[in-house]
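Q: curious how this folds, go ahead:
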Amino acid sequence: MRTTFLALNLLVLIALFGGACAPAGPSTRPGVDANTSQPGTPQKVLQIINRGEPPSLAAKPLAQGIGAISAAPARFFNAMLDVTDVREIGHPQLAEALPQLNTDTWRLNPDGTMQTRYRLKPNLTWHDGTPLHAEDFAFAHRVYKTPELGVATTPPIAQMEEVLAPDARTVVINWNRPFVDAGQLGPDFQALPRHILEEDYRRTDGGAFVNHPFWTTAYVGLGPYRVDRWEPGAFLAATAFDNYVLGRPRIDQISIRFINDAQTAMANVLAGEIHYVMALNFSTDQAVTLEQEFAKSGAGRVLYSATQRRLGFFQMRPEYQSPSALSNVNIRYAVAHGLDHKSRVDVVDAGKGAVAHAFTHFGVPWYAAVDRVVLKHDFDPRAAEALMTQNGWAKGQDGLFVNAAGERFTMEVEASAGGKNEQEATLYAASLRQTGFDAIQKTTPVAAATDSEYRSTRPGLSLRGAGSEFQIYIDSGIPGPENRWRGNNRAGWSNAEYNRLFAQLERTFPENERVALTAQIERIISVDRALTMNTWESEVWSVASDLLGIEPMGSPDAGGPETGVHLWQWRT
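A: Numbering: from 1, shown residues only. The predicted structure is shown next:
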């Protein structure tokens, strides 16, 4: 859950980011910008690796299935009304200020509708030099609201009734319901260039518009870099945008290479050809190897951030559940006690991650309120055996649990194909068998990984990464034949009190009340234990020693290191 804590973070915002985001100060030499290379002193090109080719450079793309492959590259080419830094603090970017609740910039009406108002900074332009107009936001809303383009039901588009442009620099958003994150939209809502897209939007069908070259090779944005060249399957090259709203980037040129293979990426880094490797390229064990090499050569450093949520979910629908004993919450507690999360962190994540006890990340300022109330089911084989015994299961001669009828407690432990996923499943299956459960590892092949029906009907315990939205686990998120298996509540978990509290959370704006509701929601998750909070996996970045200004993100909802790319610079 992303929560807007503007009042709590105001002092931190000023101290940590206010100066950094201000336009560059006056140069020591008249007429020369401090962030612009002087003629005759060309800078080297910043060489970057991304895991694969992004299907789009848009911050909110129309193409489906993009995920993290494009999230980081998009930060180089886009600017939003607001931006969240690596500490999860929001700042105005294109806007002069963030909306403030109960002022003229953010009005909550008695019927639950709302209005937010932004004033754009002056003299903003697209990469091609065309002035940014507030109507570009209104046009973007019309595009994203078009049902056949596939994102009309995603937040915040679904909650937006209309977007108006009363003048060139004023953006007014009318909301059809309460939306607590309306003052911090980030990449979920971006402007689109009317001068490029409007005519084609009117003339073409949805499929053709989704495949418009604007979204990829002909992308025109508002961010710190503009695309110069895109070689499909190989790389894209970009140049610093002179009129970037936060100041011209200090590094003139970048090249983003598309490399899927971690070993190839590693070889390029060790050869000194790459300065920056984005997250999701290297596993932590590979990063440790790279770190050892850097210790010898001094050529770079590795950054870690335990921010990737890993959890498990039990199948809760009786028609798919096996064994049926999983319907007993005490049995689920026992299984949870059989999951060795500490070993998972040490072995799979090279000790760089952290054991998780809640959906909420331990790095947020108010985590203590959650930690105080959640039930914790740490690895404890004795506690697991006691619970199983109390509920009619005993260990047989082979050390595995059987019931009075002599039936073994056999349970599938499922994960997607892939080195770390399979390693994780192997480790958990082993710790469950050590505890007394007949755990059978099941690997979902790549071809079935996007088959929602297959993934939603696995009978036992499924392991996965997860987003931070509590909305995933309300009843409407349950996939099934009636909704063509759409939805991420693959456990089929339903809890009326959880649904009620989540609906209340969506209508609650005071920060202290939101924290209290979040703690209640987290407790319900831990009490029902349809979901197991497993670990925080570490993200990894590789950074050359002569590249300065890069920080890892501090929580899952924070912006990535690339949000501050305009401040990166070469060591002098």
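Q: residue 485 falls within a helix, correct?
A: No - with DSSP: H, G, I helix; E, B strand; the rest coil as the criterion, residue 485 is located in coil rather than a helix.
Q: just to check, it is in contact with residue 450?
A: No - checked against C-beta atoms under 8 Å, the pair residue 485 and residue 450 is beyond contact range at 10.9 Å. Where you see a C-beta, it was placed from the backbone N, CA and C, and this is true even at glycine.
Q: have a look at those two and say which one is more surrounded.
A: Under the criterion of other C-beta atoms under 10 Å, the comparison of residue 485 against residue 450 puts residue 485 first, with 17 against 11.
Q: pLDDT score for that one?
A: We have a pLDDT of 88 for residue 485.
Q: likewise for the one 3 residues further on?
A: We note a pLDDT of 85 for residue 488 in this prediction.
Q: what's the neighbour count on the closest residue to it other than its chain neighbours?
A: Closest residue to residue 488 apart from its sequence neighbours, by C-beta to C-beta, 6 or more residues apart in numbering: residue 472 at 4.5 Å. For residue 472, the tally of surrounding residues (other C-beta under 10 Å) stands at 19.
Q: spit out the contact partners of residue 461.
A: The neighbours of residue 461, taking C-beta atoms under 8 Å, 6 or more residues apart in numbering as the test, are 312-315, 335, 411-414, 428, 532.
Q: what residue ranges in this protein score low on pLDDT?
A: Low-confidence segments of the chain, defined by pLDDT under 70: 1-42, 63-71, 468.
Q: so what's the residue count around the closest residue in space to residue 158 that isn't next to it in sequence?
A: Spatial nearest neighbour of residue 158, chain neighbours left out: residue 152 (6.7 Å); criterion: C-beta to C-beta, 6+ apart. Using other C-beta under 10 Å, the number of residues around residue 152 comes to 13.
Q: for residue 303, helix, strand, or coil?
A: Quick answer, by three-state DSSP: residue 303 is strand.
Q: surely it is in contact with residue 550?
A: Yes - in this structure residue 303 lies within contact range of residue 550 using C-beta under 8 Å: 7.0 Å.
Q: now the residue lying closest to residue 157 once chain neighbours are set aside: how far from residue 190?
A: Distances taken as C-beta to C-beta, 6+ apart place residue 144 nearest to residue 157, at 4.6 Å, with adjacent residues excluded. Distance, residue 144 to residue 190, using C-beta to C-beta, to the nearest Å: 9 Å.
Q: which neighbours do the two have in common?
A: With C-beta under 8 Å, 6+ apart, residue 144 and residue 190 have common neighbours residue 60.
Q: tell me the gap between stretch 474-481 and the middle of its chain.
A: 22 Å (C-alpha atoms, centre = their mean, to the nearest Å).
Q: right, I mislabeled it, should have said stretch 362-375
A: 20 Å.
Q: next, the distance between the ends of it.
A: Criterion C-alpha to C-alpha, to the nearest Å; first-to-last residue distance in stretch 362-375 is 15 Å.
Q: buried ones in it?
A: 362-364, 366-367, 369-370, 374 (16 or more other C-beta atoms under 10 Å).
Q: of all the residues you listed, which two lie farthest apart?
A: 363 and 374 (16.1 Å; C-beta to C-beta).
Q: ok, then the element right after the strand or helix carrying residue 309?
A: Assigning secondary structure by DSSP states H and E places residue 309 in strand 300-314. Proceeding N to C from strand 300-314, the next assigned helix or strand is helix 329-337, under DSSP H and E.
Q: what angle separates that following helix from strand 300-314?
A: With axes from the mean of the first three to the mean of the last three C-alpha atoms, to 10 degrees defining the directions, helix 329-337 sits at 160 degrees from strand 300-314.
Q: which parts of helix 329-337 are buried?
A: For helix 329-337, by 16+ other C-beta under 10 Å, it's 331-337.
Q: kindly reformat those as JSON lines containing distance to residue 168.
A: Shown next, in JSON lines, are these (distance: C-beta to C-beta, whole Å):
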{"residue": "331", "distance to residue 168": "62"}
{"residue": "332", "distance to residue 168": "57"}
{"residue": "333", "distance to residue 168": "59"}
{"residue": "334", "distance to residue 168": "63"}
{"residue": "335", "distance to residue 168": "59"}
{"residue": "336", "distance to residue 168": "56"}
{"residue": "337", "distance to residue 168": "61"}
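Q: residues of stretch 101-115 that come out buried?
A: So for stretch 101-115, counting by 16+ other C-beta under 10 Å, buried means 101, 105-108, 114-115.
Q: got the domain ranges for the protein?
A: Annotated domains of the chain cover 6-262+546-570, 308-537 [automatic domain parsing].
Q: centre of the chain to the first one, how far?
A: Taking C-alpha atoms, centre = their mean, one finds domain 6-262+546-570 lying 16 Å from the centre of the chain it belongs to.
Q: same check, this time on stretch 530-547
A: 12 Å.
Q: now that stretch: buried residues?
A: Result for stretch 530-547 [16+ other C-beta under 10 Å]: buried residues 530-544, 547.
Q: and what of stretch 269-283?
A: Here stretch 269-283 shows 269-270, 274-283 as buried, counting by 16+ other C-beta under 10 Å.
Q: ok, which pair from these is furthest apart?
A: Pairwise over these, using C-beta to C-beta, the maximum falls at 275 and 283, 20.5 Å.
Q: what helix or strand is residue 230 on?
A: Counting by DSSP H and E, the secondary-structure element that holds residue 230 is strand 225-231.
Q: list the buried residues for the helix or strand following that strand?
A: Per DSSP H and E, the first helix or strand lying C-terminal to strand 225-231 is strand 235-240. By neighbour count with 16+ other C-beta under 10 Å, strand 235-240 contains the buried residues 235-236, 238-240.
Q: then stretch 416-432?
A: In stretch 416-432, counting by 16+ other C-beta under 10 Å, buried: 416, 420-429, 431-432.
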